[in-house]
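K.L.:
Next input, structure requested:
(one chain, ligands or ions: 1)
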Amino acid sequence: MPFLVSPARFLIHYVTQRPLAFALLALLVVGGSASAVGVQYAMKLLIDAMTVHAPARGAVYLALAAFVGLVALENGLVRGASMLLCNITVKSGVRIRLDMFHYLTGHHISFFQNQRGGSLGHRVGALTGSFAALTHRILMEITPPLIAFGGALLIFAAIDWRMAAVITLIFASASIGLVLLGLKGDRHHKAFARRASESGGELVDLVGNIAAIKAFGARRREAERLRGYFEAEGAAQRRGWLFVERIRALHDVALVVLVAGALIWAVERWAAGGITAGDVVVVSAMTFRMLNGSRDLAMALIDTSQQFSYLRETLEIVGTPHALTDAPDAVPLRAAQGRVRIDQVRFGHDPERPVIRDLSLDIPAGQKIGIVGPSGAGKSTILQLVQRLHDPQQGRILIDGQPIDRVTQESLHQAVAVVPQEVLLFHRSILENIRFARPDASDAEVRQAAEAAHCAHFIAALPQGYDTVVGERGTNLSGGQRQRIGIARAFLSKAPIVLLDEATSALDTGSEIEVQQALEALMADRTVLAVAHRLSTVVGFDRVLVVEQGHIVEDGPPLALLRTGGAFRRLWALQAEGLDAPIDRSVGMPRMVAGTAWRMLGLGGKPPLRVLERQVAG
Ligand SMILES: Nc1ncnc2c1ncn2[C@@H]1O[C@H](COP(=O)(O)OP(=O)(O)OP(=O)(O)O)[C@@H](O)[C@H]1O
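P.N.:
Numbers count the residues shown, from 1 in each chain. The predicted structure follows:
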């Protein structure tokens, strides 16, 4: 979005979205301010009509009618402007936040990893606030005193040009002096904004980690830590606030002196017969109004400048160009079969230090591939590359013959279902959470997916069944239940390609059996790439890749690899030692996994661990 590059373009973009409304608003503001000037002049006419030697009732009532009429007009126009501004601000606020949500969610995943979620949310809200504040300041606080000043100048010039000149000088020097002084306080306001963002982010972080706070009995300790943030924010706020109050006080002193001076001068001129009593009233009223106006104008200008710098700072973060975009001629992916081809791919988060080196791989549609290897070898990165979460520095990836960087990211993500280790759930009902994978799915389809993913049983036991709200990030469900909801989503999505990233490694024995069964059902008829630490979970797959330092060091059917005694065999031997370990010593559930592997191998009867070992060892 090009308008995110500068505050001025941001403002202009949203003002020009509603040209008629803003034009009408400007008319109302100008009309209201001009009426306010007219009120002052009508007051002079009224006093003059009353203080001539033989007052004519008609002239007095005419002036009175003009005075009252203008007061009513001014108030009517100002109220109309306020109501219209309220309407525009609310509508623009909705639009800005939706635009920002759309833009933000287009950022690369690493953008969010480097930001605090709470702080980003705060900033999106603040953009709306800045737009509202700036339109209000410019239209309601800067325009009226400028028009009042122009009108007053005309009236003063009609009475005495010297007075007009003096008043101009006073108004201009008071406004400019205040703005210059006020801008010196900018550092206080910036410090306050920074502290407020820090303490807001800290609070969001704490609420997000409430389970850890309770688990470690850290409420008191964290409240003390939070006190530090709040007090620092409070001190910064006090410094900025008091700075503004000192400027206001200075202005008040100047105001008293200047109003008194103008009034004495006007009275002297009246005594000398130079001006009328009405002139005296209008001079004193307008001087007072203008000096007050100069303070309001200066404050509004200072605030506008602060809002601009805050807006600029926010846009620099939120408006960062997207790192990964759809190609201009991108078309939706037509993924019917789910064949995946990785062709000479080289990728590194830092291009100088590749994580994946010259990786080539052809996965026919429907094939199930297990990716194993030591930690940090690049296994998850391969899955990320297939989802186009990163673009390789060299080579390309194709799905059903279409390069994934030439298709829309949305269609790609719809063709690839991911079941991660930690399934992310929304604070919504189970039904909505499963349906998230395909919003147009009927209730019956959602239920079918849940049944296929072995969820139906535990959902039926929940208080409101499918309508049960799962709690923030699904905390009301167990890890295994969350995992099966993730699998139900993948079922519902009908994606021909499924990526499993350590989908079972965090589960206990009981959960793993259910999840494993759900996964087996999901994998049927789909192309599967599964990263697994537990080798037994991939022993029934068509093919296993052993990845080391971004290379494929072995590729073949798991049993054949086990017999040849290479890298997979070595990894297996290492884990097989754990198979005989007692359950409570083992991490997870080796015995159960071995059982699953036994079934996957199509071997009947009881899966004795040593027998399994011997079987795969040939
Ligand atoms: N966002 C990132 N920025 C920089 N380096 C990263 C990032 N994510 C991963 N890496 C690095 O890339 C390498 C491969 O990571 P990857 O997660 O693919 O390994 P893995 O084989 O899946 O490991 P594990 O089995 O421990 O999950 C690691 O050295 C890791 O530190």
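K.L.:
Distance from the helix ranked longest in the chain to the middle of the chain?
P.N.:
The longest helix of the chain (DSSP state H) is helix 219-271. In terms of CA atoms, centre = their mean, to the nearest Å, the centre of helix 219-271 is found 34 Å from the chain centre.
K.L.:
helices or strands next to it in the packing?
P.N.:
helix 161-184, helix 186-208, helix 277-318 (3 or more CB pairs under 8 Å, 6 or more residues apart in numbering; DSSP states H and E). No exception for glycine: its C-beta is placed from N, CA and C like everyone else's.
K.L.:
Pull the residues that contact the following helix or strand past the second one.
P.N.:
Per DSSP states H and E, helix 186-208 leads on to helix 210-215 as the next helix or strand towards the C-terminus. Residues lying outside helix 210-215 but in contact with it, judged by CB atoms under 8 Å, 6 or more residues apart in numbering, are 206, 218, 219, 222, 475.
K.L.:
Swap in 7 Å and give it another go.
P.N.:
206, 219, 222 (CB atoms under 7 Å, 6 or more residues apart in numbering).
K.L.:
Drop anything exposed from those.
P.N.:
206, 222 (16 or more other CB atoms under 10 Å).
K.L.:
Go through the contacts of helix 210-215 and name the one nearest residue 292.
P.N.:
Of all the contacts of helix 210-215, residue 206 has the smallest distance to residue 292: 44.9 Å, by CB to CB.
K.L.:
sorry, back to before: dump the helices and strands packed on helix 219-271 into TSV; add distance to residue 30 and mean pLDDT as well.
P.N.:
TSV is the format used below for the helices and strands packed on helix 219-271 (distance: least, CB to CB, whole Å; pLDDT from 0 to 100):
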stretch	distance to residue 30	mean pLDDT
helix 161-184	19	79
helix 186-208	30	84
helix 277-318	15	81
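K.L.:
still on that earlier bit, which member of the contacts of helix 210-215 is positioned nearest residue 276?
P.N.:
residue 206 (68.9 Å).
K.L.:
The ligand contacts on the stretch 301-450 of the chain?
P.N.:
349, 355, 373, 375, 376, 377, 378, 379, 380, 381 (CB under 6 Å from any ligand atom).
K.L.:
ok, and does stretch 558-578 reach over to the ligand?
P.N.:
No. Judged by CB under 6 Å from any ligand atom, stretch 558-578 stays clear of the ligand, getting no closer than 12.0 Å.
K.L.:
For this protein, just list every one of the strands.
P.N.:
Taking DSSP state E, the strands of the chain run over residues 340-347, 356-363, 368-372, 394-399, 402-403, 416-419, 497-501, 527-531, 543-548, 551-556.
K.L.:
Contact partners for residue 173?
P.N.:
Per CB under 7 Å, 6+ apart, neighbours of residue 173: none.
K.L.:
where's it relative to residue 461, distance?
P.N.:
77 Å (CB to CB, to the nearest Å).
K.L.:
quick one on the thing from earlier: any quick ChimeraX command for the buried ones out of the residues of the stretch 301-450 of the chain next to the ligand?
P.N.:
A single ChimeraX command selects the buried members of those (16+ other CB under 10 Å):
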select :355,373,377,378,379,380,381
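K.L.:
biggest separation within the residues of the stretch 301-450 of the chain next to the ligand, which pair?
P.N.:
Top of the distance list for these (CB to CB): 349 and 373, 18.1 Å.
K.L.:
The ligand contacts on the chain?
P.N.:
110, 349, 355, 373, 375, 376, 377, 378, 379, 380, 381.
K.L.:
cutoff 8 Å now
P.N.:
110, 113, 348-350, 355, 373-382, 384, 501-502, 531, 533, 547, 550 (CB under 8 Å from any ligand atom).
K.L.:
the helices in the stretch 401-550 of the chain, which residues?
P.N.:
409-415, 430-435, 443-452, 456-460, 479-493, 509-523 (DSSP state H, counting those that start in this stretch).
K.L.:
Residue 367: which of those is closest?
P.N.:
helix 509-523 (10.4 Å).
K.L.:
Adding distance to residue 487 and mean neighbour count, write the strands of the chain out as TSV.
P.N.:
Converted to TSV, these look like this (distance: least, CB to CB, whole Å; neighbours: other CB atoms under 10 Å):
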stretch	distance to residue 487	mean neighbour count
strand 340-347	20	19
strand 356-363	21	18
strand 368-372	15	24
strand 394-399	21	19
strand 402-403	27	16
strand 416-419	6	24
strand 497-501	9	24
strand 527-531	12	25
strand 543-548	22	23
strand 551-556	27	17
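K.L.:
With mean pLDDT as new columns, can these be given to me in CSV?
P.N.:
Output for those, formatted as CSV (pLDDT from 0 to 100):
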stretch, mean pLDDT
strand 340-347, 93
strand 356-363, 91
strand 368-372, 93
strand 394-399, 93
strand 402-403, 92
strand 416-419, 89
strand 497-501, 90
strand 527-531, 92
strand 543-548, 92
strand 551-556, 90
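K.L.:
and the gap between residue 346 and residue 371?
P.N.:
With CB to CB as the criterion, residue 346 and residue 371 are 18 Å apart.
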